[in-house]
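Colleague: Sequence below, structure please.
(2 chains)
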Number of protein chains: 2
Amino acid sequence: MSINQSVNQSTGQLTIGLFGFGVVGKGLYDVLHTTPTLQASIKKICIKNAGKKRSIPAENFTTEAALLLNDESINVIVELIDDADAAYHIVKTALQKGKAVVSANKKMIAEHFEELLQLQQENNTAFLYEAACCASMPIVRNLEEYYDNDLLKSIRGIINGSTNFILTKIFEEELEFREALTLAQQAGFAESNPKLDVGGFDAANKLSILLAHSFGVIAKPREFLFNGIENISRPDAVVAGEKKYSIKLVANAKKLESGKLAAFVLPQFVTPKDDLYHVQNEFNALTTESSFADTHFFKGKGAGAFPTASAVLSDISALRYNYKYEYKKIHHRTDTQLSTDYYLKVFISTDDLAKIRKEDFEWIEEWHNGFKQSWLVAVIHAGKLFHTGWWKQEGVSLILCPEPIIENIDYRKVSKRSLELAGVI
Amino acid sequence: MSINQSVNQSTGQLTIGLFGFGVVGKGLYDVLHTTPTLQASIKKICIKNAGKKRSIPAENFTTEAALLLNDESINVIVELIDDADAAYHIVKTALQKGKAVVSANKKMIAEHFEELLQLQQENNTAFLYEAACCASMPIVRNLEEYYDNDLLKSIRGIINGSTNFILTKIFEEELEFREALTLAQQAGFAESNPKLDVGGFDAANKLSILLAHSFGVIAKPREFLFNGIENISRPDAVVAGEKKYSIKLVANAKKLESGKLAAFVLPQFVTPKDDLYHVQNEFNALTTESSFADTHFFKGKGAGAFPTASAVLSDISALRYNYKYEYKKIHHRTDTQLSTDYYLKVFISTDDLAKIRKEDFEWIEEWHNGFKQSWLVAVIHAGKLFHTGWWKQEGVSLILCPEPIIENIDYRKVSKRSLELAGVI
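Modeller: Numbering: from 1, shown residues only, chains lettered A, B, ... in the order given. Got it, this is the predicted structure:
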């Protein structure tokens, strides 16, 4: 094992090697220079493109990662680059060298969670990533520290700022999806590859991280149900408006009666009584439900250079006190497992009813046949959604109904007409 | 200095001496017994009245405080009694004996803040009191830990569940103040002395604690402006409804341009765009505004046995990791001082205009003379409110307008009519 270079509490001095100087890296640099109480300085910044013109002197930069990783005076690596693979190698090497690491790369963290956990333990170093979930909001730390002893029942939230911005614009300004996406990109809220946001991948990566800190479950995005908002159309927004709903991309994790965990990221109708209804634009929010504290709701900016930089800075600050995630839920866990053995109440709209696999439904509650667009409300087993893809194809949009999870079905209470409809269309 | 009996991290075993077995104490007892992962047990419970029938065996109880305070095997004192003076002596003695202490007694903490801070330092023990502010919500800890490096601009919140419950009932069910208070008492949300809640004292005590953890300012409630909701009448609610406002008792602390701090607890009109508008019944909420993270909003239950017990339990759990408040803002503070040198835009209603000291206003913006009730909207210097009491007398209610703080007045922009009105009524 390598020499442990992690932060010395007696001096408390943090010497930072920074990877990446995009909007967040630059934001962090600016924030560090306006925060007098933090004994932290950036020694060197590793960038990809040496030729690019920058706002600070050239001697701050290098293109040699090794120059930072091998520098024993650097005790903190802050990784803020886009490329998840390159980020993984930087973080891994830094942890192996006993350096503390701060990262905002949710994709990389979600993909390599188990290995990164092991690296922290083996090298007794801290790896903090508050900025990876909901940017400015202290979500990871609160789930880790505050809800460690209370029995969490569920977490629910809007954890991707870009898609929430797009949905807000579709609703408020009646824009089409493509126009709203362009606006989000112009405002700097979208990932460089917008597919990561609008395809639900970014939210799924974040839910993967949150599952570990809230329920002690280590699961990659491909292990649970998720989708984005690409197929949401203006007609969907019109139906939502008529029902006094809004549409949000919602991440969910809920303890089922079986003791297993339902987890998914899907678009959802939310009512004005739902706290998530009032979360607009690039804001993120999370609701926790626990046995004793009851419901908590937390809202803050989930995208943008300064909000993200502020979370990175909070992690840097926590290193001064030798803070580490304890991963209490993982260590105390009673081996909670994911399950798709529950039902979901869904709204599905389509430009062609032939695209709908009607035999997958338990029953159909509403059915509206239109010239250009048809829609229905039905109940479907989550396992059927997980194992099929027809509901993700172009021209089909699936949106969860409010309170979508149905754990047990009593078929005696399902109306005959609903069951007939499932056979009719 | 006494022997340090605080928690030993190597064993992590917490042996608790509990003072008080009211709803919260009983709640804590129940919660501890349903939380398997917490290595904590209650050794003895000190109560006032030995004769009272209780739900657990008599051998758990004693009326001798010394039995708990002198027991060296007890390393944590949890203080959950009503009497602030008795609580102070218990907490002081426990800290002097090197025991860690958890308390929910906001009145006691606000009154003795400076001394309790010193006792913690002298005896190198932890004194945690998350439950003292907003019950279940991790407000103190987030202000202490997460916002330590970001530059806080303001905090604003609903921090008394009982008054919020009453105001909700006045609005939703059109009850009179007295009826709503009775309901709150029946629901168990009111302090045993309701004057503490409805007179604003409880919220002021909490703001006093929050000031220390958010801005490093140690101030007793009498050092800032506060009032309760006793004089809020149905006609006030009617006016609010016409203006599409709700009325909330709001605690505020805001950095002024001068670098000083405005701090007050007063009833306030809030608009539907304000996150606080949607905070109902016994829920509490806090909004933080900071330079980089921007605005955060946090909502949760601010009253009730289990929500309060869950926060006490989180503190107990944190002791296992030797957690202490660092009081970073106090130690880093650039000597921030309270100020009343700013103006407030206020709505005032009264049953008798003679009760209004019109010469205290800078100007009057609206004035409605009614048969039973008259009201006006005016601008007044905060110092004038702080040093006078006419606006607190029976038959007068003062409610802040939305965005009430005016730092600088440009008299050239104030209409002639407004200035005339101030001379007219």
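
Colleague: Where does the prediction get shaky in chain A?
Modeller: A:1-12, A:35-37, A:148-150, A:191-192, A:333-334, A:422-425 (pLDDT under 70).

Colleague: where's the residue nearest the centre of it relative to residue A:129, distance?
Modeller: For chain A, the residue nearest the mean C-alpha position is residue A:206 (2.7 Å; CA atoms, centre = their mean). Look at residue A:206 and residue A:129: by CB to CB, to the nearest Å, they are 10 Å apart. C-beta coordinates here come from the backbone N, C-alpha and C atoms, glycine included.

Colleague: For chain B, see how far away the residue nearest to the centre of chain A is.
Modeller: Note on residue A:206: its distance to chain B, by CB to the nearest CB, to the nearest Å, is 18 Å.

Colleague: so what's the closest residue to chain B within the stretch 101-250 of chain A up against?
Modeller: Nearest residue of the stretch 101-250 of chain A to chain B (CB to the nearest CB) works out as residue A:136 at 3.9 Å. With contact taken as CB atoms under 8 Å, 6 or more residues apart in numbering or on different chains, residue A:136 is in contact with A:300-302, A:307-308, A:310-311, B:292-294, B:296.

Colleague: List just the nearest of the residues you listed to residue B:177.
Modeller: Among those, residue B:296 lies closest to residue B:177 (CB to CB), at 32.2 Å.

Colleague: Using CSV, write out the CA atom coordinates for the helix or strand encompassing that closest one.
Modeller: If you go by DSSP states H and E, residue B:296 is part of strand B:294-301. Written as CSV, here are the backbone C-alpha positions of strand B:294-301 (Å, rounded to 0.1, in the frame of the first residue of the first chain):
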residue,chain,number,x,y,z
ASP,B,294,-27.9,30.2,-4.3
THR,B,295,-31.2,29.5,-2.6
HIS,B,296,-32.0,26.3,-0.7
PHE,B,297,-35.4,25.4,0.8
PHE,B,298,-35.9,22.8,3.4
LYS,B,299,-39.2,21.7,4.8
GLY,B,300,-40.1,19.1,7.5
LYS,B,301,-42.2,18.5,10.6
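
Colleague: Give me the sheet partners of it and which way each runs.
Modeller: strand A:294-301 (antiparallel), strand B:283-290 (antiparallel) (DSSP bridges).

Colleague: what are the C-alpha coordinates of the following helix or strand past the first one, in CSV please?
Modeller: Beyond strand A:294-301 in the direction of the C-terminus, DSSP H and E gives the next helix or strand as helix A:305-319. Only the C-alpha atoms of helix A:305-319 are listed here, as CSV (Å, rounded to 0.1, in the frame of the first residue of the first chain):
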residue,chain,number,x,y,z
ALA,A,305,-21.3,26.4,-12.4
PHE,A,306,-21.5,28.1,-9.0
PRO,A,307,-24.0,25.8,-7.4
THR,A,308,-21.9,22.8,-8.4
ALA,A,309,-18.7,24.5,-7.4
SER,A,310,-20.2,25.3,-4.0
ALA,A,311,-20.8,21.6,-3.3
VAL,A,312,-17.3,20.7,-4.4
LEU,A,313,-16.0,23.4,-2.0
SER,A,314,-18.1,22.0,0.8
ASP,A,315,-16.4,18.6,0.2
ILE,A,316,-13.0,20.3,0.2
SER,A,317,-13.9,22.0,3.4
ALA,A,318,-15.0,18.8,5.0
LEU,A,319,-11.6,17.2,4.3
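
Colleague: Give me the contacts around the following helix or strand past helix A:305-319.
Modeller: Proceeding N to C from helix A:305-319, the next assigned helix or strand is helix A:328-332, under DSSP H and E. Under the contact criterion CB under 8 Å, 6+ apart, helix A:328-332 has outside partners A:117, A:144, A:148, A:212-216, A:218, B:37.

Colleague: In what element of secondary structure is the residue of the stretch 101-250 of chain A closest to chain B found?
Modeller: Using DSSP H and E, residue A:136 falls outside every helix and strand.

Colleague: Adding distance to residue B:197 and mean neighbour count as columns, could you present the strands paired with strand B:294-301 in CSV?
Modeller: CSV is the format used below for the strands paired with strand B:294-301 (distance: least, CB to CB, whole Å; neighbours: other CB atoms under 10 Å in any protein chain shown):
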stretch, distance to residue B:197, mean neighbour count
strand A:294-301, 20, 24
strand B:283-290, 13, 24
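
Colleague: Turn these into JSON lines, including distance to residue A:286.
Modeller: Formatted as JSON lines, the strands paired with strand B:294-301 follow (distance: least, CB to CB, whole Å):
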{"stretch": "strand A:294-301", "distance to residue A:286": "5"}
{"stretch": "strand B:283-290", "distance to residue A:286": "15"}
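
Colleague: how close does residue A:342 get to chain B?
Modeller: Residue A:342 is 25 Å from chain B, by CB to the nearest CB.

Colleague: next one: residue A:269
Modeller: Counting by CB to the nearest CB, the gap from residue A:269 to chain B is 19 Å.

Colleague: Show residues contacting the strand holding residue B:296.
Modeller: Counting by CB under 8 Å, 6+ apart, A:136-137, A:275, A:293-301, A:304, A:306-307, B:134-137, B:139, B:142, B:161, B:275, B:279, B:282-290, B:307 sit against strand B:294-301.

Colleague: out of the strands paired with strand B:294-301, which comes closest to residue A:358?
Modeller: strand A:294-301 (36.8 Å).

Colleague: All the helices of the stretch 51-200 of chain A, residue numbers only.
Modeller: Remark: helices assigned in the stretch 51-200 of chain A by DSSP state H, counting those that start in this stretch are A:65-69, A:84-96, A:106-111, A:113-123, A:139-145, A:161-172, A:177-186, A:194-198.

Colleague: For the nearest residue in space to residue A:162 that is not next to it in sequence, list the residues it contacts.
Modeller: Of all residues not flanking residue A:162 in the chain, residue A:197 sits nearest, at 4.0 Å (CB to CB, 6 or more residues apart in numbering or on different chains). By CB under 8 Å, 6+ apart, the contact set of residue A:197 is A:160, A:162-163, A:184, A:190-191, A:228.
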